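Chemist: A predicted structure for the sequence below; I have some questions about it.
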Protein chains: 2
Amino acid sequence: MATLSDVATRAGVSVSAVSRVLSEKPGVRVSVATRQRIHDAAKELNYRPNFTARALKSSRTHAVGLVVPGVTNAIFAELMRGVEEEARTKDYMVLIASTERLPEGEESIPRLMGEGRVDGVLVQFGDHLSGDDLRTVTDSGLPVISINTINPGKGGSVRVEDEAGMRLATEHLIELGHARIGYAGGVPTSESGQRRLAGFMEAMATAKLTVEPELVTDFGYYPKQGAQALDAMAELSTPPTAVVVANINAAHGVLSEARRLGIRVPEDMSIVAMHDTWTAEIAWPPLTCVRLPLYELGRAAMASLWDNINSGTAEDRVIADPAPELIVRESTAPPAR
Amino acid sequence: MATLSDVATRAGVSVSAVSRVLSEKPGVRVSVATRQRIHDAAKELNYRPNFTARALKSSRTHAVGLVVPGVTNAIFAELMRGVEEEARTKDYMVLIASTERLPEGEESIPRLMGEGRVDGVLVQFGDHLSGDDLRTVTDSGLPVISINTINPGKGGSVRVEDEAGMRLATEHLIELGHARIGYAGGVPTSESGQRRLAGFMEAMATAKLTVEPELVTDFGYYPKQGAQALDAMAELSTPPTAVVVANINAAHGVLSEARRLGIRVPEDMSIVAMHDTWTAEIAWPPLTCVRLPLYELGRAAMASLWDNINSGTAEDRVIADPAPELIVRESTAPPAR
DNA sequence: CTAGCATGATCAAACGATTGTTCACGAGTA
DNA sequence: TACTCGTGAACAATCGTTTGATCATGCTAG
């Protein structure tokens, strides 16, 4: 790898001259001839600035961390795609840090943040991490954008319209004629989960429908927990005729559990899920979903982080464009009556 | 952020003493008392070594690049999980570089490799990148491990038993009584695609079954291309009674296309797919698959890269443990006869 | 009594780039 | 002629660590 001084030697000039010419700062006084020789030498040696040296001098790594609960789900994938793409336009790289199955006392997150590896961090907290964890992250002093969680005081955040989305899902079932509607939500500590539940309650209240406490569960967003939720509801003397599932991953679990229990979807029970990933189409029956702009969320998160890094501004943004959209497939139908 | 010299000041010793003590090199002569003061000071200041400075001095970034065709599929997710986990045990971080939708003339890959950001690279080539691209990557001088592609001469590689896996899939159909079997493969330039096709041909030959050229397609590994393959076969005067799909993502496309065309699976046509990701279970019907050790492939790739980085060895490894395994679900059945 | 030596610690150079400061030189002015 | 000033370029310090070389000290051995 050619260094600045290699180029300088070849061009017969000083290192600083090369640095100034190649970094193209405005207002540098270098003659046209020298400039040319430097450019030629750089090209001939295929010079590329050394990232570590640059980072050390400028304390900018041009990398951000993306802390996510796991990488093996379609929601992450969409988010990730947005982050990646925005990062590319900003000339940044993305370091993935999965908090899935992190051994107790694992240091990787604090190290990621404390060792100057990244200029900032994007955090999406999963079910198994608490607000305390978020605080250790935001207290690190690094610019942080939290995804789908608004943290008090520190850092910025970016989220989607969970309430509106959930209202859309619930209203769809109500319009189909369902009255006894179940809710399979996220864990109680999840902020987005609380907002989604609120959206559900709101839609039910508006329609003057009562919400039986036994029909509201909060096991979590994973397939297994979706299955758990369905089990709990199926056990009731009169199970719901429809269920709103607050996350599509959980909805996949609901679907397989339904199959196992001999519950036909949508004949015996309608299912509508939050998030529209590509897996909704391959499921059977294809899932009726509410699309939230996850890709855009990823882009916005990265864009916000960039702003935060460069100007220290930290705002809480709600991504409302495109608005939540109901995508009707085959998992919902009018109740059997 | 506390630096070495902050710690040194606080402990009343020199910077080099601190460096030596904290890096715990064997055979450093430091008194117990000094050692203790240094450790105390470091703890009090919450000292963490600056990664960029370290990287500059040692030319080791403790980061590797993972170049993949895309991040929104379950195969990537499994692989990624393996890479991540192995990287963690090796104290390495993973930088994702997706080649999906890279604008023409994009510099991100060469830059990733040329600027000393990473100690090595893991490359999985997709359909849209050629052998030339692989060469530009391997020619960079960085340690490279290619995943599922053996590249001539340079770098190491790691792959799974494609032939054996494909034989397993094909034999399953043969055992069920199918004779007119279609094959939906990857693009012809794909090495793993060639191996899979070979496995298919081999199994057919062993069973003394003829392979009609019109039943062998090579559109690619994506859902749309799977759909395309099915379209081509469905047009034939006598379509196959079963199809081997060389990639589960393509198989999902086959399944939805079958639904669209009114082809019942498995009654009218059996489908067996390569790779067993979680999406196989949520599909309808749940897909009969051959499980290849993708997670282990990811781990092995990272482990090989680590070896390569540290000792310059480059070998071509085949991950045979666990062996390919047939997972029978509901997309295969005996032919209608 | 002093040369020799292990011990415990500091000095200082280096990694590659950035950047404020200085310097040499020739043109323009008094 | 002597002075200033602008121009084009080099000098040198710095970022935080690592590491070979050096040095001061107290002890043992000849």
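Modeler: Noted; the coordinates are in hand.
Chemist: so which bits of chain A are right by DNA strand C?
Modeler: Within reach of DNA strand C by Cβ under 7 Å from any atom of the strand, chain A has these residues: A:1, A:3-5, A:15-16, A:19-20, A:22-23, A:25, A:47-50, A:53-54, A:56-58. (Each C-beta comes from the backbone N, C-alpha and C, glycine too.)
Chemist: can you show me the strands along chain A?
Modeler: All strands of chain A, identified by DSSP state E, fall at A:63-68, A:93-98, A:120-123, A:144-147, A:156-160, A:181-184, A:216-217, A:242-245, A:270-274, A:288-291, A:316-319, A:325-327.
Chemist: rewinding a little: so how do I select the buried members of the residues of chain A next to DNA strand C in ChimeraX?
Modeler: Those of those that count as buried under 16 or more other Cβ atoms under 10 Å in any protein chain shown are selected in ChimeraX with:
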select /A:3,4,19,20,22,47,48,49,50,53,54,56
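Chemist: out of the residues of chain A next to DNA strand C, which sit inside helices?
Modeler: A:4-5, A:15-16, A:19-20, A:22-23, A:53-54, A:56-58 (DSSP state H).
Chemist: can I get those in TSV with pLDDT and distance to residue B:296?
Modeler: Formatted as TSV, those follow (pLDDT from 0 to 100; distance: Cβ to Cβ, whole Å):
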residue	pLDDT	distance to residue B:296
A:4	95	43
A:5	95	45
A:15	95	48
A:16	94	51
A:19	96	46
A:20	94	50
A:22	94	44
A:23	90	45
A:53	96	37
A:54	95	37
A:56	96	37
A:57	95	41
A:58	94	40
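Chemist: just those now: which is nearest residue A:212?
Modeler: Of all those, residue A:58 has the smallest distance to residue A:212: 59.4 Å, by Cβ to Cβ.
Chemist: how far away is the closest one from residue A:74?
Modeler: Using Cβ to Cβ, to the nearest Å, we find residue A:58 at a distance of 37 Å from residue A:74.
Chemist: with residue A:34 instead?
Modeler: Per Cβ to Cβ, residue A:34 is found 55 Å from residue A:74.
Chemist: higher neighbour count, the two?
Modeler: residue A:74 (23 against 15; other Cβ atoms under 10 Å in any protein chain shown).
Chemist: how about that one: what's its closest non-neighbour residue?
Modeler: Leaving aside its chain neighbours, residue A:74 sits nearest to residue A:277 (3.5 Å; criterion: Cβ to Cβ, 6 or more residues apart in numbering or on different chains).
Chemist: for that neighbour, grab the count of nearby residues.
Modeler: The burial count for residue A:277: 22, using other Cβ under 10 Å.
Chemist: quick one, what contacts it?
Modeler: A:74, A:75, A:77, A:78, A:248, A:294 (Cβ atoms under 8 Å, 6 or more residues apart in numbering or on different chains).
Chemist: give me the subset of the residues of chain A next to DNA strand C touching chain B.
Modeler: A:1, A:48, A:49, A:50, A:53, A:56 (Cβ under 8 Å from any Cβ of the partner chain).
Chemist: smallest gap between chain A and chain B, at which residue?
Modeler: The nearest approach of chain A to chain B comes at residue A:284, 2.2 Å away (Cβ to the nearest Cβ).
Chemist: next, the buried residues of stretch A:135-152.
Modeler: A:137, A:138, A:140, A:142, A:143, A:144, A:145, A:146, A:147, A:148, A:149, A:151.
Chemist: kindly apply the preceding question to stretch A:280-289 instead.
Modeler: Buried, per 16+ other Cβ under 10 Å, within stretch A:280-289: A:280, A:281, A:282, A:283, A:284, A:285, A:286, A:287, A:288, A:289.
Chemist: now swap in stretch A:197-210 and tell me
Modeler: A:197, A:199, A:200, A:201, A:202, A:203, A:204, A:209.
Chemist: let me see the contact set for the second one.
Modeler: Residues counted as contacts of residue A:199 (Cβ under 8 Å, 6+ apart) are A:162, A:163, A:164, A:165, A:166, A:167, A:170.
Chemist: hmm, residue A:317 and residue A:158 touching each other?
Modeler: Yes - between residue A:158 and residue A:317 there is a contact at 4.8 Å, judged by Cβ atoms under 8 Å.
Chemist: where do the contact lists of those two overlap?
Modeler: With contacts taken as Cβ under 8 Å, 6+ apart, residue A:158 and residue A:317 have A:300, A:304 as neighbours in common.
Chemist: follow-up on the earlier one: with pLDDT and distance to residue B:97 added, can I get the contacts of residue A:277 in a markdown table?
Modeler: Formatted as a markdown table, the contacts of residue A:277 follow (pLDDT from 0 to 100; distance: Cβ to Cβ, whole Å):
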| residue | pLDDT | distance to residue B:97 |
| --- | --- | --- |
| A:74 | 86 | 21 |
| A:75 | 89 | 21 |
| A:77 | 87 | 15 |
| A:78 | 91 | 18 |
| A:248 | 96 | 27 |
| A:294 | 95 | 21 |
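Chemist: most neighbours among those residues, which one?
Modeler: Busiest of those [other Cβ under 10 Å] is residue A:248, holding 26 neighbours.
Chemist: can you get me a residue count around the nearest residue to residue A:188 once chain neighbours are set aside?
Modeler: For residue A:188, ignoring the flanking residues on the chain, the nearest one in space by Cβ to Cβ, 6+ apart is residue A:218 at 5.1 Å. Neighbourhood size, residue A:218 [other Cβ under 10 Å]: 18.
Chemist: contacts only, for residue A:218.
Modeler: A:185, A:186, A:187, A:188, A:193, A:197.
Chemist: over to residue A:116?
Modeler: Counting by Cβ under 8 Å, 6+ apart, residue A:116 has contacts A:55, A:59, A:61, B:1, B:50, B:51, B:52.
Chemist: ok, the last one touching residue A:50?
Modeler: Going back to what we said before, that points to residue B:52. No - using Cβ under 8 Å as the test, residue B:52 is too far from residue A:50 to be in contact (10.6 Å).
Chemist: output the below-cut-off pLDDT ranges for the stretch 151-300 of chain A.
Modeler: A:151-153 (pLDDT under 70).
Chemist: pLDDT value on residue A:319, please?
Modeler: We have a pLDDT of 95 for residue A:319.
Chemist: show me what it bridges to in the sheet.
Modeler: Residue A:319 has these beta-bridge partners by DSSP bridges: residue A:160.
Chemist: distance of it relative to residue A:79?
Modeler: Distance from residue A:319 to residue A:79, by Cβ to Cβ: 11 Å.
Chemist: ok, residue A:181 next?
Modeler: Applying Cβ to Cβ, the value for residue A:181 to residue A:79 is 28 Å.
Chemist: repeat that for residue A:183.
Modeler: 24 Å.
Chemist: re earlier: looking at the buried residues of stretch A:197-210, point me to the pair that's furthest apart.
Modeler: By the measure Cβ to Cβ, A:197 and A:209 form the most distant pair in the buried residues of stretch A:197-210, at 14.9 Å.
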